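Asks: Build me a model from this:
(one chain, ligands or ions: 2)
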Amino acid sequence: MDRFLIRGGRPLHGEIPIGGAKNSALKLLVAGLLTSERLVLGNVPRIADIATMSDLLRQHGVEVEDLDGTGGTLSVGGAITNTEAPYDIVSKMRASILVLGPLLARAREARVSLPGGCAIGTRPVDMHLKGLESLGAEIRLEGGYIDARAPNGLLGSRVVLPFASVGATENLLMAATLAEGRTEIVNAAREPEIADLIGCLSAMGARISGEGTGTLTIDGVSALHGARYDVMPDRIECGTYACAVGIAGGDVRLLGGDGAHLGAVIRALEEAGVEVSQEPGALRVRRQGRLQGVDVMTEPYPGFPTDMQAQFMALLSVAEGASMVTETIFENRFMHVPELSRMGARINVHGSSAIIRGVSGLSGAPVMATDLRASFSLILAGLAAEGETVLSRVYHLDRGYEAVERKLSGCGARIERVND
Ligand SMILES: CC(=O)N[C@H]1[C@@H](OP(=O)(O)OP(=O)(O)OC[C@H]2O[C@@H](n3ccc(=O)[nH]c3=O)[C@H](O)[C@@H]2O)O[C@H](CO)[C@@H](O)[C@@H]1O
Ligand SMILES: C=C(OP(=O)(O)O)C(=O)O
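Replies: Residues are numbered from 1 along each chain as shown. Ligands and ions are numbered 1, 2, ... in the order given. Got it, this is the predicted structure:
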C-alpha cells in the first residue's frame, strides 16, 4: 500500500497547476447518461474517483472513452443497457447516487444501492428521494437498494429543499431536464460546481434559468444532445495549495486558480496573515510573517467550504493565539484532530466546534489518513513539522488530488510516495 514520506521545514516557491474540479467533473460525467450522443469533457482531473465513476457508467452500458490517452479528455454517451448501480461501486464513492435522477429520467427506472454513511457523517439521501417523488417517481427501499420507477416519465413540479443540499440539487436538476413541463427547485444549492453543471446541461440543450441563485427553473425537453465542455478549475484543490503556502511559507503561483470561487477562504487566509492576489491566469499566494489565529465556520456556498475545513485547521494549529473552527455541514468531520494532535497540535473538540491553541512547531510522526481532505491536512502539517511524517492510507487522497507529490516537490517540498 502506498504511503507518503514528508520531511518538513522548507518554504514553497514556484508554480502549481490547478486541475479540473473533482466535484464538478463527476457530475458532468453523469450528465452523459442523459443523452445517446457523445458528451466530450475536457480538463478532467486524473483521480481515482473519475476512474470509479467511469466504471459505474460503463456498467450501465454507456461508453466512456479516453480521447487523448492521458485521461484529461473523456467522451461519454450511448445506450443505457443496465439500470443497476451496485453496492460495491456506490459504497466506494457516494457521488454514485447521482446516477439515480438521470437513469430515471432517460431509462424510466433505476436500482441504486443506498450509499450509507462515511467517515464524515451519516449522509442520508432523503432529500434526493423526496424530490424525485415530487417529480412522479415511485420509490421503494428494499435490501439496501433504492428501487425507483417512472413508467410514464417524470413530470415537472415545484420542489422545496429543506436544506440547500449540493447532491440533491444536482440529482433533481439532471432529472428535470428530461421531465415533462416545468420544474422549480427552491432553496437550491449555489456552489460553483452547480453552475458548471448547468453550463454543461445547457450546452446539451437543456433549458435552465436561475443559475447562481437559490431558485432554479427547468423546462423539460424531450431529448438532450451531445456537446463539448471543459470542467471548471478545482477551487478546493486551489484552496488546499494556498494553505500549503500558508503553513510552509514562501511564494507560489497557483496556475488556473480562480479567486472568485474562493472568497471566504481568501478572507480567512488574509486574516491569518497569508497574502493572496489574483494575477492573470493564476492566484498568487505568499506568506512571510507568523500566522495569526482566526475563527471560521463552515457554511453552504458562498460561506467557508466544509471541504477546506481540515486543511485550514492544520494551518491554524501553528498560528499565534487561539482559533475556533465550527463545522455546520457534517456532524463528524473532525477525524483529522487526533492525528494532528499526534504531531503536537493542541486542539479540543466541543460538539461541532474545535478550539485550536497555536503551537510554535509540530513534530513529524506516523499518521493515518481517514478521508480525502483530512489526508491533505496531515500533509500540510508534515510540511511545517520538524522531522519525518509518514502518511498511510493515501488511497483516500488519491480519490481527489492529482499528482500531489509532483506538484509539491516541484515547489521545493520534500515529499515522496513509497510502496512497501
Ligand atoms: C461529490 C461532491 O460534490 N461532494 C460534495 C457535496 O457532497 P453532498 O452532495 O453529499 O453534500 P450535501 O450538500 O448533499 O450535504 C450537506 C448536508 O446535508 C445532509 N443531507 C444531504 C442530502 C440529503 O438528502 N439529506 C441530508 O440530510 C448531509 O448529510 C450533509 O450533512 O457537497 C458537500 C457540501 O458542500 C461537499 O462537502 C462534498 O465534497
Ligand atoms: C467529501 C468530499 O467528497 P464526497 O462527497 O465524494 O465524499 C470531498 O470532496 O471533500
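Asks: Quick check: residues of this structure near ligand 2?
Replies: Within the chain, the residues that sit near ligand 2 (Cβ under 6 Å from any ligand atom) are 23, 94, 95, 120, 307, 372, 373, 400. Yep, even glycine has a C-beta here, placed from its N, CA and C like the rest.
Asks: Which one among these sits at the bottom for pLDDT?
Replies: Note: of the residues of the chain next to ligand 2, the lowest pLDDT belongs to residue 120, at 86.
Asks: Helix or strand next in line after the host helix or strand of residue 252, which one?
Replies: Assigned by DSSP states H and E, residue 252 belongs to strand 250-255. Moving toward the C-terminus from strand 250-255, the next helix or strand (DSSP H and E) is helix 263-271.
Asks: circling back to that earlier point, would you mind listing which of the residues of the chain next to ligand 2 are buried?
Replies: 23, 94, 95, 120, 307, 372, 373, 400 (16 or more other Cβ atoms under 10 Å).
Asks: Can you get me a residue count around the nearest residue to residue 397 once chain neighbours are set aside?
Replies: Leaving aside its sequence neighbours, residue 397 sits nearest to residue 375 (Cβ to Cβ, 6 or more residues apart in numbering; 4.1 Å). Neighbour count of residue 375, defined by other Cβ atoms under 10 Å: 30.
Asks: and residue 375, what are its phi and psi?
Replies: Torsion angles at residue 375 (phi, psi; degrees, to the nearest 10) stand at phi -60, psi -40.
Asks: contacting residues for it?
Replies: Going by Cβ atoms under 8 Å, 6 or more residues apart in numbering, residue 375 touches 369, 391, 393, 394, 396, 397.
Asks: check contacts around the closest residue to residue 333 other than its chain neighbours.
Replies: Leaving aside its sequence neighbours, residue 333 sits nearest to residue 120 (Cβ to Cβ, 6+ apart; 4.5 Å). Taking Cβ under 8 Å, 6+ apart as the criterion, residue 120 is in contact with 330, 332, 333, 335, 371.
Asks: can we see that at 7 Å?
Replies: Neighbour list for residue 120: 330, 332, 333, 371 [criterion: Cβ atoms under 7 Å, 6 or more residues apart in numbering].
Asks: In PyMOL, how would I select just the buried ones from the residues you listed?
Replies: Here is the PyMOL selection string for the buried members of the contacts of residue 120, based on 16+ other Cβ under 10 Å:
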select buried, resi 330+333+371
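Asks: among the contacts of residue 375, which are in helices?
Replies: If you go by DSSP state H, these have 396, 397 in helices.
Asks: Reformat the contacts of residue 375 as JSON lines; add pLDDT, distance to residue 301 and neighbour count.
Replies: Below are those laid out as JSON lines (pLDDT from 0 to 100; distance: Cβ to Cβ, whole Å; neighbours: other Cβ atoms under 10 Å):
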{"residue": "369", "pLDDT": "91", "distance to residue 301": "26", "neighbour count": "26"}
{"residue": "391", "pLDDT": "97", "distance to residue 301": "29", "neighbour count": "26"}
{"residue": "393", "pLDDT": "95", "distance to residue 301": "29", "neighbour count": "15"}
{"residue": "394", "pLDDT": "95", "distance to residue 301": "28", "neighbour count": "22"}
{"residue": "396", "pLDDT": "94", "distance to residue 301": "24", "neighbour count": "21"}
{"residue": "397", "pLDDT": "96", "distance to residue 301": "23", "neighbour count": "24"}
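Asks: Pull the most distant pair out of the contacts of residue 375.
Replies: 391 and 396 (9.7 Å; Cβ to Cβ).
Asks: where do the contact lists of those two overlap?
Replies: The contact sets of residue 391 and residue 396 overlap at 369, 375 (Cβ under 7 Å, 6+ apart).
Asks: isn't residue 172 right up against residue 131?
Replies: Yes - counting by Cβ atoms under 7 Å, residue 172 touches residue 131, with 4.5 Å between them.
Asks: for the contacts of residue 375, which one is nearest ligand 2?
Replies: residue 396 (9.9 Å; Cβ to the nearest ligand atom).
Asks: Quick check on the residue in the chain that ligand 2 sits nearest to: phi, psi?
Replies: Residue nearest to ligand 2 within the chain: residue 307 (4.0 Å; Cβ to the nearest ligand atom). When read as degrees, to the nearest 10, the backbone of residue 307 gives phi -70, psi 0.
Asks: Next up, the contacts around it.
Replies: Here residue 307 is in contact with 236, 373 (Cβ under 7 Å, 6+ apart).
Asks: Quickly note the distance from it to residue 376.
Replies: 10 Å (Cβ to Cβ, to the nearest Å).
Asks: what about the residue of the chain most remote from its centre, which SS state?
Replies: Here the chain reaches farthest from its C-alpha mean at residue 152, the gap being 34.1 Å by Cα atoms, centre = their mean. Using DSSP: H, G, I helix; E, B strand; the rest coil, the structure places residue 152 in coil.
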